[in-house]
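1. Whatever this is, show me its structure:
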Amino acid sequence: MNRSIPFIIVLIVAITGFSCNSTKTEISGLISGGEDISLTFERLDVNRTSVLDSVRTGKDGSFHVKLGIEEPELYILKNDDGALINLLVSPGEKISVNSNYDSFGSDYTVTGSEESEGIQLLVDQLDQTRSTLDSLQAVAGTIGDPENPQFELVRNTYAQAVIKQKRFTIKYLVEHMSSLSSVYALYQKYDEETLVLNLENDLQYFKAVADSLEISYPNSSLTKSLRADVEQREAAFQEEAKLNALLDMADEVSGMLDLSIPDRDGNEIALSSLKGKVTLVTFWASGNSNSIQALLQLQSTYNKYHAKGFEVYAISMDNNKINWMNAMDYNEFKWINVSELSFPESTAAILYNISELPSTFLINREGDIVAKNLYGRNLETWLDNLI
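-> The predicted structure follows:
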């Protein structure tokens, strides 16, 4: 696994440059084997890195730079080969960084910055875990057969390594809850996509850190951005839970996507209550001329087959009850008419993946969807075979 810049880059709010009142921070160090090379200092903004300064090392690999900052910020120190060292820098610090050019970013020491020292600890631990996981993946590739007992052993060892890394991260957070380096810990990744804290219940750690930092660093852009991200994550998890609830509504036995929607009198009518009849579920709206025309044409089919066991379950994509009722009464739609009156936030439309009106689904007596978007003679041909 290659080292990737932590996801924190999407959290940090752009800072509006340095003022003349900003505090000077000094960063110096020695890069063994890195004589006369270019080093750049970059700040991580919302969607990009911005170069703050650059410096060339001396003949002995030493460097020194002064930066003016007004609040703690996350930086990367990058060499001319693209390797990087993460630093969390506070105003007025005098930081010393020492490394070797060949192992720049993976083997270094940093002093003079407690937050940066914490980040180094986090980086070292995750590097060890990544190396372990890479080795286990390589071993699994040589085994090949997932039924081989050795493969199961490797899989269990892999899982234990992941658990160990997560426990380390959580322990660090608990012990450094009031430290800005805890924000870095929250967003560490195994790879480009996978956070160490990647489960829904891990959101509790994001909340706890945000609560703590709002006391110790209330004006920090990191604190404010973390709180905003926590709120965004909560909303995303709630939306996912809503979608899962919709999927759970599907009848796994019959395959029917059940619904229970109020009619004009507020009485809930379940689609599953029509089992035993051949039912046409149709989505329409009072303000959609195409769907009105389709329902007008459907009336003759309904009158012809209703007594034989054919029913229509018409779901209106309206949010105005008066418009819905006027359309039903004016056009004399006598079948089952229901509406959530919540367009565009319609549970039924999401469950049935409705993208256009009208849309229809023909359900047989057993409750299975057997055809979609049937009209006129095509619908009657299906009904002749199902009833």
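
2. I'd like the distance between the residue positioned nearest the centre of the chain and Ala208.
-> The centroid of the chain falls nearest to Ala236 when counting by Cα atoms, centre = their mean (6.4 Å). Look at Ala236 and Ala208: by Cβ to Cβ, to the nearest Å, they are 19 Å apart. (Glycine included, C-beta is placed from N, CA and C.)

3. what packs against the helix or strand that contains Met328?
-> Met328 belongs to helix 321-331 when elements are defined using DSSP states H and E. Helix 321-331 sits against helix 289-305, strand 336-339, with contacts defined as 3 or more Cβ pairs under 8 Å, 6 or more residues apart in numbering; DSSP states H and E.

4. For that helix, C-alpha coordinates in PDB please.
-> Presented in PDB, the C-alpha positions along helix 321-331 are these (Å, rounded to 0.1, in the frame of the first residue of the first chain):
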ATOM      1  CA  LYS A 321     -54.200  17.200  -2.000                       C
ATOM      2  CA  ILE A 322     -56.700  19.500  -3.600                       C
ATOM      3  CA  ASN A 323     -55.100  19.100  -7.000                       C
ATOM      4  CA  TRP A 324     -54.900  15.400  -6.600                       C
ATOM      5  CA  MET A 325     -58.600  15.100  -5.500                       C
ATOM      6  CA  ASN A 326     -59.800  17.400  -8.300                       C
ATOM      7  CA  ALA A 327     -58.000  15.300 -10.900                       C
ATOM      8  CA  MET A 328     -59.500  12.100  -9.500                       C
ATOM      9  CA  ASP A 329     -63.000  13.500  -9.400                       C
ATOM     10  CA  TYR A 330     -63.000  15.300 -12.700                       C
ATOM     11  CA  ASN A 331     -61.700  12.300 -14.600                       C
END
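
5. Mean confidence (pLDDT) on it, please.
-> The average pLDDT for helix 321-331 rounds to 93.

6. Can you point out the buried residues in the helix or strand encompassing Asp211?
-> If you go by DSSP H and E, Asp211 is part of helix 203-216. For helix 203-216, burial by neighbour count (16 or more other Cβ atoms under 10 Å) applies to Tyr205, Phe206, Ala208, Val209, Ala210, Ser212, Leu213.

7. wait, the first one sits on Leu197?
-> Yes: proximity of Tyr205 to Leu197 meets the contact threshold set by Cβ atoms under 8 Å, at 6.0 Å.

8. where do the contact lists of those two overlap?
-> Common neighbours of Tyr205 and Leu197, using Cβ atoms under 8 Å, 6 or more residues apart in numbering, are Ile170, Leu186.

9. So which elements touch the longest strand along the chain?
-> Counting residues, the longest strand in the chain under DSSP state E turns out to be strand 23-32. Judged by 3+ Cβ pairs under 8 Å, 6+ apart, the packing partners of strand 23-32 are strand 62-69, strand 84-89, strand 94-100.

10. now the strands for the stretch 101-250 of the chain?
-> Taking DSSP state E, counting those that start in this stretch, the strands of the stretch 101-250 of the chain run over residues 108-111.

11. for the stretch 201-350 of the chain, which spans come out with low pLDDT?
-> Applying pLDDT under 70 to the stretch 201-350 of the chain picks out residues 242-256.

12. Sounds good, over and out.
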